[in-house]
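Enquirer: after the sequence you'll find the predicted model.
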Amino acid sequence: MVYSANEQRYDAMPYNKTGRSGLKLPAVSLGLWHNFGGVDTFELGARLVRRAFDQGITHFDLANNYGPPTGSAEETFGRIMRTELAPYRDELIISTKAGYRMGPGPYGERGSRKSMLSSLDQSLKRLGLEYVDIFYSHRYDSDTPLEETMGALDQAVRQGKALYVGISNYGPEQAREAIAILKRLGTPCLIHQVHYSMYERRLEQGLQQVLEEEGVGSIAYSPLARGLLSDRYLETIPADSRAAGGSVFLNREDITEQKLAKSRQLNQLAAERGQSLAQMAVAWVLRQGRVTSALIGASKEQQIDDIIGATKQLDFAQEELKAIERILS
Ligand SMILES: NC(=O)c1ccc[n+]([C@@H]2O[C@H](COP(=O)([O-])OP(=O)(O)OC[C@H]3O[C@@H](n4cnc5c(N)ncnc54)[C@H](OP(=O)(O)O)[C@@H]3O)[C@@H](O)[C@H]2O)c1
């Protein structure tokens, strides 16, 4: 049956301007790093995307290497686009990235013009799209002159294969330099995709200031600390959770008693605010409008519903912020 999107989808979601650009992003965006690979069922991925879009999530984030196997998340999303979302292409912001290991040999990773532009061509084929909305350099590459990597991003826009460009995982000084090069080339840096949550605070150590000064937006990835800032692990490690599934980035050893003790206290504070811990974690990264969008992952539709609820209460009292800092310290 042809999918017909919820007509009320734009009623509740806040949309924030991305830096000084004219592009607005939803306060919550959905990433396809996990649960959209060739190892997952297509129907699960399609259900998650439909549930997100039906509630105003217009931004879907990918990378060349998301899967497993690498490339398969783009293939899954391409199939969802073809079969369900094709009529809605102009309502969607679809991003992809290049920079981490994707293929064999010297051109299968990093930031050379050769790697970046061939990777984008492959991504477009897998996605079945003529262009992506945002093309990222996924990481800083000390082996390649920054002019070359930024030149490749600029060329992607001039070729009509990307509308905007961004950087991810760059430090403050690397970001400042990259932003300056892109400005000189005439393709301003739209956004920095950065790891940020109550448990990961590096954004606050200089990078946030650079982005604010330069008018570049920010999107916070893993705002739930991959599930640790939710009720997922408070009692046990569920068999269907990421930590039980052999993820390199979250495994049983990461679920420490020390972390759980903090998460339990944060969960209590969230309950006093009338929120789930996951909702408070998302509201916290978005507090005071510093971050453009919170980039979440989900393995169940109910998790998306829960997170969307965060947008009803994004404000924090000073006492609540202090209490969070006390718990984290
Ligand atoms: N630029 C980069 O280098 C980079 C790196 C990492 C991620 N990213 C991007 O960021 C996106 C999000 O990353 P992430 O998946 O690590 O984000 P996250 O939102 O911190 O973690 C998502 C996980 O938390 C759990 N969860 C989500 N909502 C929940 C809820 N309401 N209640 C309880 N548990 C909930 C689920 O775990 P279960 O699966 O266990 O159910 C879900 O898979 C990625 O898809 C990717 O697009 C970018």
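Expert: Looks like it arrived, so ask away.

Enquirer: burial count for Ser112?
Expert: Residues near Ser112, counting by other Cβ atoms under 10 Å, number 18. Any C-beta I mention is one placed from the backbone N, CA and C, and that applies to glycine too.

Enquirer: typo on my end, it should be Leu30
Expert: Leu30: 22 neighbours (other Cβ under 10 Å).

Enquirer: name the element it belongs to?
Expert: strand 28-31 (DSSP states H and E).

Enquirer: in that strand, what counts as buried?
Expert: Neighbour counts over strand 28-31 (16 or more other Cβ atoms under 10 Å) mark Val28, Ser29, Leu30, Gly31 as buried.

Enquirer: next secondary structure after the helix or strand harbouring Glu148?
Expert: If you go by DSSP H and E, Glu148 is part of helix 146-158. Following helix 146-158 in sequence order, the next helix or strand is strand 162-168 (DSSP H and E).

Enquirer: what about Ser293, distance to the ligand?
Expert: From Ser293 across to the ligand, the span is 11 Å (Cβ to the nearest ligand atom, to the nearest Å).

Enquirer: contact partners for that residue?
Expert: Asn16, Thr18, Leu25, Pro26, Ala27, Val28, Ser29, His59, Gly217, Ile219, Ala220, Leu286 (Cβ atoms under 8 Å, 6 or more residues apart in numbering).

Enquirer: one more time with 7 Å, if that's ok
Expert: Asn16, Leu25, Pro26, Ala27, Val28, Ser29, His59, Ile219 (Cβ atoms under 7 Å, 6 or more residues apart in numbering).

Enquirer: the ligand contacts on the chain?
Expert: Residues of the chain found near the ligand (Cβ under 6 Å from any ligand atom) are 31-34, 61, 138, 168-169, 193, 221-227, 230-232, 241-242, 278, 295-299, 303, 306-307.

Enquirer: out of those residues, list just those in strands.
Expert: Gly31, Asp61, Ser168, Gln193, Tyr221, Leu295, Ile296 (DSSP state E).

Enquirer: what pLDDT is listed against the third one?
Expert: Note for Ser168: predicted pLDDT of 98.

Enquirer: distance check, it against Tyr233.
Expert: 26 Å (Cβ to Cβ, to the nearest Å).

Enquirer: tell me how many other residues crowd Lys312.
Expert: Residues lying near Lys312 (other Cβ under 10 Å) number 11.

Enquirer: give me the distance between the nearest residue to it once chain neighbours are set aside and Lys24.
Expert: Nearest residue to Lys312, sequence neighbours excluded (Cβ to Cβ, 6 or more residues apart in numbering): Ala12, at 8.0 Å. As judged by Cβ to Cβ, Ala12 and Lys24 stand 15 Å apart.

Enquirer: can you map out the strands along the chain?
Expert: Here the chain has its strands, by DSSP E, at 15-17, 24-26, 28-31, 59-61, 93-98, 132-137, 162-168, 189-195, 217-221, 293-296.
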